[in-house]
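*Asks:* Predicted coordinates and the sequence they were generated for:
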Amino acid sequence: MEKNYRAELTGVFGDPVDGNPSGVMEEAAYAAAGVNYRYLTMRVKKEALQAAFEGAKAVGMKGFNLTMPHKIAILPYLDELTPAAALIGAANTVYCKNGKWIGENTDGKGFVTALEKAGISLKGKKVTMLGAGGAARAIGIECALAGAQSITVINRNEIHGRELAELIDSMTETKAEYLPWTAAVQIPSHTQILVQATSIGLHPDVDQKPDIEYDTISKEMVVCDVIFNPVQPLFLQEAARRGAKTVTGIGMLVQQGALNFELWTGIQAPMEVMYETLEKEFITE
Ligand code: NDP
């Protein structure tokens, strides 16, 4: 049989991007699945995105991830968007299908799948979410599409918070409202699923936690965090101390990585390997 030294190419465009852990996870998955794929972590400056995309097409990349500051900026260059990416207004993943470049957003899907794997359904649930940035938008829309009954958005910046609540409320079947983030804000007592979707507590700021009234978290709530490093941020530790079931951000990261893997390779992702590889990268104590 003739040898094939050519690898299929995937990767991520971002700036800053040096600390992005996706490459370690995807390359471990490619090796475990025995496919000749590579995942390159590429620093692409804001003004170089179009050129980078042209380059990706020229070398026949299978697809790529986008991180700051490109998730919205990529949209005009794509041929199509999935319905969720169109609603969210941002793409974190691009893949090529039948010659068309398609933008998808796997962040929120990863979150919903991670919850399902933990035995938690969004259907009919009352959700409260801290944050209204990119991750929160993706999570909010996917929770709504997964059948959440209501979503309360608590965000420091009122304009962003209101905008997200209005988007969910007007474009999906889910009722959504905005709640101002006052000091030591109380979590509404009807909350069944509480999502921490801000960047507070991410390494190296491991001693920080959102300014909420922690005693309003009850043991009946499922409490989730998007922060994956450390694996148990202070926020989740406080929730666990009050008896709540907690779901870490690493599950979401693995699930969105697995969805990307499947979009690019067409085969099922070896999720155990991805999970184990990432855990070794992060602070787990
Ligand atoms: P953005 O910059 O888009 O949004 C940041 C959000 O955090 C905003 O809502 C912002 O509020 C809020 N925020 C930041 N600092 C504070 C503060 N001191 N007090 C109150 N609110 C604050 O970031 P992303 O949404 O893209 O990412 C958020 C986090 O999610 C990151 O840490 C990222 O690593 C993580 N993430 C995890 C994923 C996973 O798979 N687990 C996937 C994607 C992201 P305001 O609007 O008021 O500025």
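*Replies:* Sure, I can see it.
*Asks:* got the contact list for the closest residue to the ligand within the stretch 101-250 of the chain?
*Replies:* Among the residues of the stretch 101-250 of the chain, G133 lies nearest to the ligand; the distance is 1.9 Å by CB to the nearest ligand atom. Using the backbone N, CA and C atoms, a C-beta is placed for each residue, glycine as well. With contact set as CB atoms under 8 Å, 6 or more residues apart in numbering, G133 has these partners: H160, A197, T198, S199.
*Asks:* List, one by one, the residues from the stretch 51-200 of the chain near the ligand.
*Replies:* Residues of the stretch 51-200 of the chain found near the ligand, taking CB under 6 Å from any ligand atom as the criterion, are 107, 110, 131-136, 155-157, 160, 198-200.
*Asks:* mind redoing it with 5 Å?
*Replies:* Within the stretch 51-200 of the chain, the positions near the ligand by CB under 5 Å from any ligand atom are D107, G131, A132, G133, G134, A135, R156, N157, H160, T198, S199.
*Asks:* For the residues you listed, give me CSV that also has pLDDT and secondary structure.
*Replies:* As requested, these are exported to CSV (pLDDT from 0 to 100; DSSP: H, G, I helix; E, B strand; the rest coil):
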residue, pLDDT, secondary structure
D107, 96, helix
G131, 97, coil
A132, 96, coil
G133, 93, coil
G134, 92, helix
A135, 94, helix
R156, 97, coil
N157, 97, coil
H160, 96, helix
T198, 97, coil
S199, 94, coil
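*Asks:* Any chance of those in CSV with distance to L263 as columns?
*Replies:* Shown next, in CSV, are those (distance: CB to CB, whole Å):
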residue, distance to L263
D107, 14
G131, 26
A132, 27
G133, 24
G134, 19
A135, 19
R156, 34
N157, 32
H160, 29
T198, 28
S199, 26
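*Asks:* Now do the nearest residue to Q50 once chain neighbours are set aside: how many residues are near it, please.
*Replies:* Excluding the flanking residues, the one nearest Q50 by CB to CB, 6 or more residues apart in numbering is Y77, at 6.2 Å. A count of nearby residues for Y77, using other CB atoms under 10 Å, gives 15.
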